[in-house]
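In: The amino acid sequence is not available; the structure is as follows:
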């Protein structure tokens, strides 16, 4: 409990320290000023791991910002990035932010037609592309994208005209800086918390993308291994936490090399989607089962006992046996040491999000002595809104809401959320969101807090209710439901799960969002107006509330499909 409370206290202290920060750019610059010579990031170059200091990262980002100004990027312009998770992505993103522009991430796996849709829809004026492969996509679209006046290659040489190398961009920036030395600083200082920062595109049920609009938001000794794509909101919130905490970010080469990279760099924490942990579990089990002789017999016996333990624990029952006691003494400590060594020897915390983690996997990591911390959030809530903390980890749940996020479970079991983390709307689709969901006028920031409803019943996304009904006399914030649509699927089984949720005995996962679930129709977020009145909940209302603290949030994720590396189909 003391550990958990210290984490909550630390989050509240960080929130207070960042009260005057107006943008991610300012947050980053504060960190770079405090920890200039400390390692900000690690990347593998020509087979060797290379450290990047905060000062170096800041210098490269500033050069990129100047370059963007030099080629005509204006404040509020849209600038896209099509690249993998790498330090250069962060440099480009920070340069865009410094110039006062808006980053539009695109997954590497997007087809040319999908790239065209996003670029046209956002109104992008220039694009960072990773390499020749990504460049080829846009070359064939050049005639259909007249607004894009430049491409910048993160790898390779440009032609000096439509396509620039990163160095060519920076050279133009240095020239412009000599003519207008205050322009970049003026743009940074003019930024406010209400400025748009990033457009995150998701794929709807119709195949066309929708985009959640976030604001520039805020969030030393840890080393975090990152492989998630920055086109996903989970990675975006990790980025903000990176700048806020000053931890070292380790950029994995790829998801396939994730575990190898962990062994080489010794991270202390890893954030990933459930499939990464499922693969680690399956690898450990397969290896142990294949052991010959007495060692193999002991492992197979241990796993049979673990299966009985996991089944009993899932049903709220205790399990003990002589064989299980022996396994905990002789087998599982060796498995723990082997797994810890495989991840570099220092890792103690794993964070899981993006989809419900199978309880058996959570029980396994917990039995080995690791913190397996699940969280919950949506793109529409700027990713993570709650997470379990070390010292107060309730397996199979997603923990307490962050400071500043207010949560309540409605009578119909829908999750009510309010806070500055709630998105401002769908870009270019005003019909998708009720008028009262948008920020209200007025100097009081609390008046800008909106209400978000994450629906447990996904089928009601197709209930035919209009997206924007006439406003009533009650001008208090209306409730807004965000529903992951299932194309009309669900039926009696879904209704039964809702009843279980209300009783407090539903299990996270299941439905279409569990392992092996139908990935089709899980992308659409529908907004409808609700006439009910919202009661103001306390910020820690969920503490001790079984429906909210445990099963409700896990069930709310049932409409989410698991994010695959490079998968454009964002949740």
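Out: Happy to help now that I have it. Just so we're clear, the structure is a prediction, and the values are computed from it rather than from any experiment.
In: what about stretch 133-144, start to end distance?
Out: 19 Å (Cα to Cα, to the nearest Å).
In: just stretch 107-126 next, same as before
Out: Terminal residues of stretch 107-126 are spaced 16 Å apart (Cα to Cα).
In: Tell me which residues are up against it.
Out: Outside stretch 107-126, the residues that touch it by Cβ atoms under 8 Å, 6 or more residues apart in numbering are 68, 71-73, 77-80, 82-84, 104, 106, 127, 130, 134, 137-138, 140-141, 144-145, 147-152, 199, 201, 208-209, 211, 229, 231, 427-428, 566-568. In this view, the C-beta of every residue, glycine as well, is placed from N, C-alpha and C.
In: mind listing which of these are in strands?
Out: 78-80, 82, 104, 106, 127, 150-152, 199, 201, 209, 211 (DSSP state E).
In: Looking at the residues you listed, which has the smallest pLDDT value?
Out: Taking pLDDT as the measure, the ones in strands among the contacts of stretch 107-126 have their low point at residue 209 (50).
In: Residue 105 is in contact with residue 79, isn't it?
Out: No: the criterion here is Cβ atoms under 8 Å, and residue 105 misses it with residue 79 at 10.2 Å.
In: In this structure, where is pLDDT below threshold?
Out: 1-19, 203-219, 429-571 (pLDDT under 70).
In: And it, what are its domain boundaries?
Out: What automatic domain parsing lists as the domains of the chain is 20-192+222-242, 404-559.
In: Report the buried members of the contacts of stretch 107-126.
Out: Buried members of these, scored by 16 or more other Cβ atoms under 10 Å, are 68, 71, 73, 77-80, 82-84, 104, 106, 127, 130, 134, 137-138, 141, 145, 148, 150-152, 199, 201, 209, 211, 229, 231, 427, 567-568.
In: State the phi and psi torsions of the closest residue to residue 375 other than its chain neighbours.
Out: Nearest non-adjacent residue to residue 375, counting by Cβ to Cβ, 6 or more residues apart in numbering: residue 387, 3.5 Å away. Phi and psi for residue 387, reported as degrees, to the nearest 10, are phi -160, psi 150.
In: Bridged to residue 387, which residues?
Out: Counting by DSSP bridges, residue 387 is bridged to residue 375, residue 400.
In: Dump the ones in strands among the contacts of stretch 107-126 to CSV, plus distance to residue 52.
Out: Output for the ones in strands among the contacts of stretch 107-126, formatted as CSV (distance: Cβ to Cβ, whole Å):
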residue, distance to residue 52
78, 27
79, 22
80, 24
82, 22
104, 24
106, 24
127, 24
150, 25
151, 24
152, 19
199, 27
201, 28
209, 32
211, 30
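In: Closest one of those residues to residue 170?
Out: residue 152 (9.7 Å; Cβ to Cβ).
In: check contacts around the closest one.
Out: Neighbours of residue 152 in contact, by Cβ under 8 Å, 6+ apart: 67, 92, 126-129, 158, 163-166, 169.
In: now it: how far from residue 130?
Out: Distance, residue 152 to residue 130, by Cβ to Cβ, to the nearest Å: 10 Å.
In: Just confirm residue 168 is within a helix.
Out: Yes: the assignment for residue 168 is a helix, going by DSSP: H, G, I helix; E, B strand; the rest coil.
In: mind checking the longest helix of the protein?
Out: helix 293-314 (DSSP state H).
In: Now do the buried residues in that one.
Out: Taking 16+ other Cβ under 10 Å as the criterion, helix 293-314 shows 298-299, 302-303, 305-306, 309-310, 313 as buried.
In: same check, this time on stretch 411-422
Out: For stretch 411-422, burial by neighbour count (16+ other Cβ under 10 Å) applies to 413-422.
In: residue boundaries of the strands in the stretch 301-450 of the chain?
Out: With DSSP state E, counting those that start in this stretch as the criterion, the stretch 301-450 of the chain has strands at 349-352, 371-378, 383-387, 400-401, 406-409, 415-419, 450-454.
In: For those strands, give me a markdown table that also has distance to residue 342.
Out: Shown next, in a markdown table, are these (distance: least, Cβ to Cβ, whole Å):
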| stretch | distance to residue 342 |
| --- | --- |
| strand 349-352 | 13 |
| strand 371-378 | 16 |
| strand 383-387 | 24 |
| strand 400-401 | 31 |
| strand 406-409 | 37 |
| strand 415-419 | 37 |
| strand 450-454 | 36 |
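In: ends of stretch 366-386, how far apart?
Out: Stretch 366-386 has an end-to-end distance of 20 Å (criterion: Cα to Cα).
In: start at 16 instead
Out: All set: I'll call the first residue 16, so the last point we hit is now stretch 381-401.
In: What is the burial count for the residue lying closest to residue 358 once chain neighbours are set aside?
Out: Using Cβ to Cβ, 6+ apart and skipping residues adjacent in sequence, the residue nearest residue 358 is residue 277, 4.4 Å away. Residue 277 has 21 neighbours, counted by other Cβ atoms under 10 Å.
In: surely residue 277 meets residue 360?
Out: No: the criterion here is Cβ under 8 Å, and residue 277 misses it with residue 360 at 9.6 Å.
In: What segments of the stretch 266-415 of the chain are helices?
Out: With helices called from DSSP state H, counting those that start in this stretch, the stretch 266-415 of the chain shows them at 273-280, 289-304, 308-329, 337-345, 347-357, 374-382.
In: Nearest to residue 392 among those would be which one?
Out: helix 289-304 (14.7 Å).
In: Mind giving me the packing neighbours of the closest one?
Out: When contacts are defined as 3 or more Cβ pairs under 8 Å, 6 or more residues apart in numbering; DSSP states H and E, helix 289-304 sits against helix 308-329, helix 347-357, strand 364-367, helix 374-382.
In: Let me have those in TSV, extended by distance to residue 190.
Out: Formatted as TSV, these follow (distance: least, Cβ to Cβ, whole Å):
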stretch	distance to residue 190
helix 308-329	64
helix 347-357	50
strand 364-367	44
helix 374-382	54
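In: nearest to residue 395, of these?
Out: Per Cβ to Cβ, nearest to residue 395 of the helices and strands packed on helix 289-304: strand 364-367, 19.9 Å.
In: strands paired with the closest one, and their directions?
Out: Paired neighbours of strand 364-367 in the sheet (DSSP bridges): strand 284-287 (parallel), strand 386-393 (parallel).
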